[in-house]
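> What follows is a protein structure lacking sequence information:
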C-alpha cells in the first residue's frame, strides 16, 4: 500500500508480455496526445473484452436486484430451520431489512423480481465463463496451487511487511483468488437457489446441501459474502487502481499494472 | 494504494456509484412500467416448472411419523374469520364437472372408498417456512379417471367455501401420484384449520396452491387464476 503510483509493476518473469500486446501498447501510446508534464506516461492498452464488460455491468445490476428482492422474500419468514425446531444461528433472526434495501414491495413482488432476474443472472454467468474458456483469458484469472505463495507475498505487501510490490501479470495472486472464489460463490448461489426453488423436483440437489432449510441458510449466507466482496472490490478500485474503472467501462486501461500475463 | 489523498473527483465517483446502487434496490418497487415484463417472466417460469422440472417420477422424501412438526407449530391460513365451517357437514359433497364426460357429485363416503394414499412429507410455504405432517386422502388422479376429462381439459379449477378463495392447477401436477384430496391430517379427520372437510394436498406445490374447504372441481380449457395468483403470486407455485 506504499507503492509509488508512478512506478509500474513489473510483470511476472516467467510470463512476459506477449510481443503482440507490446506492439499494440506502443501503437496506442503513439495515438494519444503527449501530456504537458510527463511524470508517468503510460500507454493506453486494451484490458477488457466487450463480453467481459457487458457481463460485469449486467451482473452488477442483476446481483443488486437479486439481493434486494431476496431480502424482500426473506422478511416473510426471517428464520432458518423447520417449524417447531431450533433455528440456525443468524444475526438477522426475526429482524426485517429496511425498505431501501428491498425490492418488490411485498412477498409476491419480491418473488417475481427474484425469479425474473435469476435466468439472466445464470445466462450472464455462463456467457462470462464460456468467454473465459474460449479466449484463454481464464489463465490470468484462475487461482491455481502455484498462486498460493504469490498470494501470501501479496498479502505481506498489503500488510506492509514487504516493501516491494510482487511482480504480477494482469492480476495479482490475491485478485485471482478473489475472482475465482466469486465465480464459485455465484455457482453456489445459483445451485442453493434451485435447491430451495424445487425441493421436490430437484430433491437430490436439495439433499446435497443438507435439506431445504440448510440450502436456504447457505443461500442467505452467500448474500453476505457477495456484499462483503462488493464493498472490498469497489474500495480497492478507488484506492489501488482507479484507472481500472475506466478499463471496465471502455475496455482501455492507462494504469500502473500490466495488462497482460 | 496510492499515497495521494482521495480527490473530490474520487469522492464524487463513489457517491454516484453508491447512489445508483441504492436506487436500483430502492423502495418497494413492484416494477412500474416493467410489471408486464415481470408477469411475462413469471409465465415463462410456470412453463419451465411444468414442462422441464415437473415429473411424475419425482417423489418427495417421506419421513417417519416421529419427524412430524408439533401441531401447535404447524401454521394454518384461511381467508375468512372466524374459520370457515360447514353448517351441515352431512350434506357436503364435492361437485366435479366442466370439460368431463361424467360429471359427478362425490360424497365423503365415496371419496374414502377410493384408493387411499397416506404419506408424511414436508410442507413448503411460499413465505419460506417448512413443516412436516401426515396426510391421508384419495389420489386426485383416481378422481380424474372417474370423471374422464375431455381432450379440451387442460386445467383444474378448485372452488371453496372460504370467502372468494379459488385456485387453478395444471393437469400434470393434478395427476402427480403425490397429489391427493386429503381428508385426514396426522391420522385424524381434517380440522377446520386445515381445510375440513376436504382439501388438496401435494408434494409438488407450495402451500397456497393446496386449496382448502373444497366445494367444486372444474376442468377447463382456459387457465383459471387464483386468489393469490390474481394479486401477483406465481401461478404454478411448483416445488
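Right, received. Where do you want to start? Keep in mind it's a predicted model, so treat the numbers as computed, not measured.
> Look up the closest residue to residue 95, ignoring the ones flanking it.
Using chain A. Nearest residue to residue A:95, sequence neighbours excluded (C-beta to C-beta, 6 or more residues apart in numbering or on different chains): residue A:78, at 6.1 Å. All C-beta atoms are positioned from the backbone trio N, CA, C, and that covers glycine.
> other chain: chain B
Here the residue nearest residue B:95, using C-beta to C-beta, 6+ apart, is residue B:216, at 4.4 Å.
> dump the residue contacts of that neighbour.
With contact set as C-beta atoms under 8 Å, 6 or more residues apart in numbering or on different chains, residue B:216 has these partners: B:94-97, B:157-159.
> what about it, which SS state?
Reduced to three states with DSSP: H, G, I helix; E, B strand; the rest coil, the structure at residue B:216 is strand.
> For residue B:218, grab the count of nearby residues.
Residues within reach of residue B:218, counting by other C-beta atoms under 10 Å in any protein chain shown, total 20.
> Pull up the per-residue confidence for the residue nearest to it when sequence neighbours are not counted.
Distances taken as C-beta to C-beta, 6+ apart place residue B:98 nearest to residue B:218, at 3.8 Å, with adjacent residues excluded. According to the predicted model, the pLDDT of residue B:98 comes to 98.
> Quick check on the residue of the stretch 101-250 of chain A found nearest chain B: phi, psi?
Closest to chain B within the stretch 101-250 of chain A is residue A:105: 2.9 Å, counting by C-beta to the nearest C-beta. Residue A:105 has phi and psi values of phi 80, psi -40 when expressed as degrees, to the nearest 10.
> Surely it touches residue B:29?
Yes - here residue A:105 reaches residue B:29: they are 6.6 Å apart, a contact under C-beta atoms under 8 Å.
> Pull the contacting residues for residue 76.
No chain was given, so I picked chain A. Residue A:76 is in contact with A:107, A:110, B:126-128, counting by C-beta under 8 Å, 6+ apart.
> my bad, the chain I had in mind was chain B
Neighbour list for residue B:76: B:193-195 [criterion: C-beta under 8 Å, 6+ apart].
> Please, a ChimeraX command that selects the buried ones among those residues?
In ChimeraX, this line selects whichever of those come out buried by 16 or more other C-beta atoms under 10 Å in any protein chain shown:
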select /B:194,195
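> Which stretches in chain A count as strands?
A:45-46, A:252-253 (DSSP state E).
> what about those strands, which gets the closest to residue A:99?
For these, distance to residue A:99 was read as C-beta to C-beta. The smallest value, 38.9 Å, belongs to strand A:252-253.
> and the closest residue to residue A:144 other than its chain neighbours, how many neighbours?
Closest residue to residue A:144 in three dimensions, ignoring its sequence neighbours and counting by C-beta to C-beta, 6+ apart: residue A:176, at 7.9 Å. Under the neighbour criterion other C-beta under 10 Å, residue A:176 is assigned a count of 23.
> I'd assumed residue A:147 was in contact with residue A:176.
Yes - Residue A:176 is within contact range of residue A:147, at 5.5 Å (criterion: C-beta under 8 Å).
> Show me which strand runs longest in chain B.
If each strand of chain B is counted by residues according to DSSP E, the longest one is strand B:130-139.
> Give me the next element, helix or strand, following the helix or strand of chain B with the lowest mean pLDDT.
None of the helices or strands of chain B scores lower by mean pLDDT, DSSP states H and E than helix B:8-24, at a mean of 53. The C-terminal neighbour of helix B:8-24 among helices and strands, as given by DSSP states H and E, is helix B:35-48.
> Okay, helices next: where are they in chain A?
Per DSSP state H, chain A has helices spanning A:19-31, A:50-74, A:107-135, A:147-158, A:173-197, A:203-208, A:212-240, A:243-250. These are given in chain order.
> Of the contacts of residue B:216 - the most surrounded one?
Neighbour counts for the contacts of residue B:216 peak at residue B:158, which has 26 neighbours (criterion: other C-beta under 10 Å).
> For residue B:192, see how far away that residue is.
Distance of residue B:158 to residue B:192, computed by C-beta to C-beta, to the nearest Å: 18 Å.
> now swap in residue B:201 and tell me
Using C-beta to C-beta, residue B:201 is found at 16 Å from residue B:192.
> ok, these two, which is more surrounded?
Neighbour tally, residue B:201 and residue B:192, criterion other C-beta under 10 Å: the higher count belongs to residue B:201, 30 against 16.
> Bridged to that one, which residues?
When assigned by DSSP bridges, residue B:201 has beta-bridge partners residue B:180.
> Next one: it from chain A, what distance?
Distance, residue B:201 to chain A, using C-beta to the nearest C-beta, to the nearest Å: 13 Å.
> Then residue B:62?
The span separating residue B:62 from chain A equals 11 Å under the rule C-beta to the nearest C-beta.
> hmm, back to that, neighbour-wise, which one of the contacts of residue A:76 leads?
Neighbour tally across the contacts of residue A:76 (other C-beta under 10 Å): the maximum, 24 neighbours, falls on residue A:110.
> Go ahead and confirm that one touches residue A:65.
No - the pair formed by residue A:110 and residue A:65 falls short of the contact definition of C-beta under 8 Å, at 10.4 Å.
> any shared contact partners between these two?
With C-beta under 8 Å, 6+ apart as the test, residue A:110 and residue A:65 both reach residue A:103.
> May I have the phi/psi pair for the residue nearest to residue B:218?
Note on residue B:98: backbone dihedrals following degrees, to the nearest 10 are phi 90, psi -140.
> wait, what's in contact with it?
Remark: with contacts taken as C-beta under 8 Å, 6+ apart, residue B:98 is in contact with B:153, B:157, B:217-220.
> could I get these as a markdown table with pLDDT and distance to residue B:209?
Putting those into a markdown table (pLDDT from 0 to 100; distance: C-beta to C-beta, whole Å) gives the following:
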| residue | pLDDT | distance to residue B:209 |
| --- | --- | --- |
| B:153 | 98 | 18 |
| B:157 | 98 | 12 |
| B:217 | 98 | 14 |
| B:218 | 98 | 16 |
| B:219 | 98 | 17 |
| B:220 | 98 | 16 |
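> ok, those residues vs chain A, which is closest?
Taking C-beta to the nearest C-beta as the measure, chain A lies nearest residue B:157 of the contacts of residue B:98, at 20.4 Å.
> Mind listing the residues bridging to that closest one?
Judged by DSSP bridges, the bridge partners of residue B:157 are residue B:168, residue B:218.
> Tell me the spacing between it and residue B:221.
In this view, residue B:157 and residue B:221 are 11 Å apart by C-beta to C-beta.
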